[in-house]
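Q: sequence unavailable; structure follows:
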């Protein structure tokens, strides 16, 4: 089975360009498609808050509810702000495009860099959390977290390389199952708690306080919880996918998404508090909660299953977002062009491979541990929130469209709030890992700018404007020979087809061999003159390079074509036994001005 | 500083071929040059015997002296046997050559494989033992054994890549220092012991017997000690290096070498017994002995220093032997040809690099531990001893030269003894590691045979005997274009120099782009016709490959030259931003019959 067959099995047959039409989504399906990323954070946001608070002792866990409320308010503000973006950008208002439109190139690159980083982290965090949900239910798998995470990413990447055209149907079922199951669990849990059915007593063992409750500490716990906001912006990116009227439907879906997210997140946070859940390394908070509410039966496993599913879907979302943003950046010349071309399944294969590879690397480096990855997360999202909302303020102020004044205030509130949270996240999580992102974003932006400059410079150098055309060239063809045999005669014949004046060049290492070669040459040399170069230091290369330099010096437009006879063995290992000289010569002449190297293959039979 | 400058600093300037003359050695210098390998085993052979014996309890250590005597007899037999070889092969009688001459190709390949393996092990074991001598004196370095070992190998390899022409002078001083110092130590130690000056009492703690004293056990201890014989054959390999009359001088030196070796080895073994030395992990037996005899002063450090030096010299010997044997094997077509060419410092660089790399790998894999490496060692040497001596028997029987009868008996004794020991080593050390060598030797021989067959087959396929000459070819030149700019016009101009009938080929991915290209083409296309291929699946490759197949199908002797315009950016990282298409095309057409791919570089400025 060759590569091409393998590719067909895993990636599928190529699709014709004509199939690149868009599927339009109903509101119900759209909620499922765009909600998975945002809702999936319910699986870990509460846990990350508790994990921080518990370091100040079990009593500090009481702060989880007010922190949860603050985050819920933040969700409402951001969602309202993005509802304005949808109105202004019915063709899709990702942070990169919106910022570029209103604040200019450099800020848009910051937004772009922040988003790329965050898409990678979304994959890594979602998959790690999904694996944690799985290993909570099946503790025997805990030791295989890294393998499970990497396999999961490989699976999602493969699916995306095939192109997930059935996306609507694929997303609807698990997302609604997740929503219904969690509402069910939280409702039943609330009833149990109100009626006081076997609510557990607070455990005593978890009271080891290593930290004082300071403002910084509470802000850090708040920052950890801000991962709940990741994915809220997804709807505004995807407006064109809605059925008409697109903007109206998208705004309605975003409002519903915010409402569901706040309810689920607050529900988990509230019940975790009142069921006295203490975060553990080997079992997630949601798993503990579900176990206490349902007592570990079938319903418990159902909750874990839908949690895994929605987290996988969330990771999958990035596999659409990252390549799309890469496409825009490549189109504008800020990242290598190969991110701008679709593969033969109509997907941006390079973006998918880079995203999958980087996320898998993060899983490996961080040992598949969600908590280790969280400090790097969310900062990028808030950078893009802030830039995107600020752009909207600028837009309303410039265009003065209907209702511009209060809309500018609303987006201004969004920008100010998310900007403040961005600073809080950067400062409180800096030492824990956010510094990586703080350094990485400007580094990426610098890379974008350098690449852009290079492409612009190349375009200028290649431009035909006012160009008189290439000068006529003087052409010399040399055949480099080390012996005379069938392969060499084939190369000589080929060289004769290129030019009437061909010379063969031989570097003498042993005068006896030269004599034998010259004897053969008379009979088999096809009339090509043989130039013998002496080599006092047994170097093949030096005399030959000197000869070429001498030829090149003869004229400014001189091009020397060097024909090298090369064997093509029948089996791969035989390559090791041949062609070292050809390789050496090619290496020495690679990218040499005025020199063109041509291998003439001679095919050996088995 | 570029690669070439770096190479000059570390490896030195190239040397002209005329300097490849031979230094002739006096007997005194020759002893120093050829003795280091054999004598260096005094540093570890006794220890390896004791290390085995002590597992049967401290009382079993008494067997060391009779085992030492047996090994000394073996040394005498082997040396006498090799003195015959010198007589018969005054131009150098390595086991490979002698066996090839008398027993044929396959046995000679077995000898060659065995020797290659043993040269690698000589380097690894000598360096590990040298490091052990060093860390015995400076226990603080014990944790850095692997680093020390690898650095030492790198140093020796670099020195050899430069070419050690001063070898006589280099070897004489440390070897004689070693001989004199060890004779001094052993003599003084013997006196102290005879007169009973503070001879230590036997320690009580080392009596933990885990093993019974069986015949197998004693044979295993004997096998461990047989490492003392490694290097004894060196003199017979290097006969031509002696001053005339070469054979006579070489025979005298070999006799002296055997005598010195036996004396030193027996001396260490005898005194180790009577000074009640128990082998320890962190201090060598020689170090313990020197410490007891000299009491740890300056003389103790001197013993350690000369031990390190002679072991380094022993490792260095393999750096001459391995590349020389590789040269013979490459010349005869059994290993890749590149082992047969001298580098620009007149040394066989490839052999040196392979030897150094493999030995360093062994040091790393075995943690720089001599004892772990020993079970793999010596087997190869005894394989080559046996084959070489058997060859001599065959030679005497065939040629019937003067004294052939008793000489055949002497070599026959050598062959029988070493053959027996070979079997004893293979059996007793099999489970401890010798199995690796037992498997590796036939594996290498198989490789040699396969390579030889391949080269023979290629020579047959390339032979010009009865060849009518290559058929005339039909030549088509295609320029693959993706756009039209200065780089492409340069490629078109070049293609026109190759053939009067050039076509440009463009694969259409977007009809609008085609229209724009066609407009430009009229003005800048240099009159080259443009072929536009459609691609329903957006693949650049498939339509182009189909077009080439179509052209190739036109005639049996059709050659298609594909000219690809390629950018040469000014900086390395910019390569990532270009030429992916060119690379893809080259990959797809690599080694395609009837197709020649030519990159025409277009040099971008900074």
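A: Perfect, I can see it now. This is a predicted model, so every value here is computed, not measured. Residues are numbered from 1 along each chain as shown, chains lettered A, B, ... in the order given.
Q: what are the boundaries of the helices in the stretch 251-400 of chain A?
A: Counting by DSSP state H, counting those that start in this stretch, the stretch 251-400 of chain A has helices at residues A:285-294, A:298-331, A:349-365, A:370-373, A:379-399.
Q: turn the ones you listed into TSV, columns for mean neighbour count and mean pLDDT.
A: Any C-beta I mention is one placed from the backbone N, CA and C, and that applies to glycine too. Output for those, formatted as TSV (neighbours: other C-beta atoms under 10 Å in any protein chain shown; pLDDT from 0 to 100):
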stretch	mean neighbour count	mean pLDDT
helix A:285-294	23	92
helix A:298-331	22	91
helix A:349-365	21	92
helix A:370-373	22	89
helix A:379-399	24	93
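Q: minimum distance to chain B: which of the ones you listed has it?
A: helix A:349-365 (9.4 Å; C-beta to the nearest C-beta).
Q: so which residue is dead centre in chain A?
A: Nearest to the mean C-alpha position of chain A, counting by C-alpha atoms, centre = their mean, stands residue A:355 at 2.5 Å.
Q: next up, the contacts around the closest residue to that residue other than its chain neighbours.
A: Excluding its sequence neighbours, the residue lying closest to residue A:355 (C-beta to C-beta, 6 or more residues apart in numbering or on different chains) is residue A:322, at 4.4 Å. Contact analysis of residue A:322 by C-beta atoms under 8 Å, 6 or more residues apart in numbering or on different chains lists A:116, A:119, A:120, A:351, A:352, A:354, A:355.
Q: and the two most separated of those residues?
A: A:116 and A:352 (13.4 Å; C-beta to C-beta).
Q: stretch A:440-457 near chain B anywhere?
A: Yes: applying C-beta under 8 Å from any C-beta of the partner chain, one finds stretch A:440-457 touching chain B at A:451, A:454, A:455, A:457.
Q: ok, for the third one, nearest residue in space, not its chain neighbours?
A: The shortest distance from residue A:455 to any residue that is not its chain neighbour, by C-beta to C-beta, 6+ apart, is 4.4 Å, and that residue is residue A:333.
Q: what angle do the helix or strand harbouring residue A:38 and helix A:298-331 make?
A: Per DSSP states H and E, residue A:38 falls inside helix A:27-40. Going by axes from the mean of the first three to the mean of the last three C-alpha atoms, to 10 degrees, helix A:27-40 is angled at 100 degrees with respect to helix A:298-331.
Q: so what touches the next helix or strand along the chain from helix A:27-40?
A: Moving toward the C-terminus from helix A:27-40, the next helix or strand (DSSP H and E) is helix A:45-53. Applying C-beta under 8 Å, 6+ apart, the set of residues contacting helix A:45-53 from outside is A:60-61, A:63-64, A:67-68, A:71, A:217, A:220-222, A:224-225, A:227-228, A:265, A:268-269, A:272, A:277-279, A:284-286, A:371, A:374.
Q: helices of the stretch 101-250 of chain A, start to end?
A: Using DSSP H, counting those that start in this stretch, helices in the stretch 101-250 of chain A cover A:105-137, A:145-162, A:167-194, A:215-225, A:234-237, A:246-274.
Q: tell me which of those approaches chain B most closely.
A: helix A:145-162 (14.8 Å).
Q: is the closest one up against chain B anywhere?
A: No: using C-beta under 8 Å from any C-beta, helix A:145-162 stays clear of chain B, with a minimum separation of 14.8 Å.
Q: quick one: average pLDDT of that helix?
A: The pLDDT scores in helix A:145-162 average 91.
Q: which strands or helices does it pack on?
A: helix A:3-11, helix A:105-137, helix A:298-331, helix A:349-365 (3 or more C-beta pairs under 8 Å, 6 or more residues apart in numbering or on different chains; DSSP states H and E).
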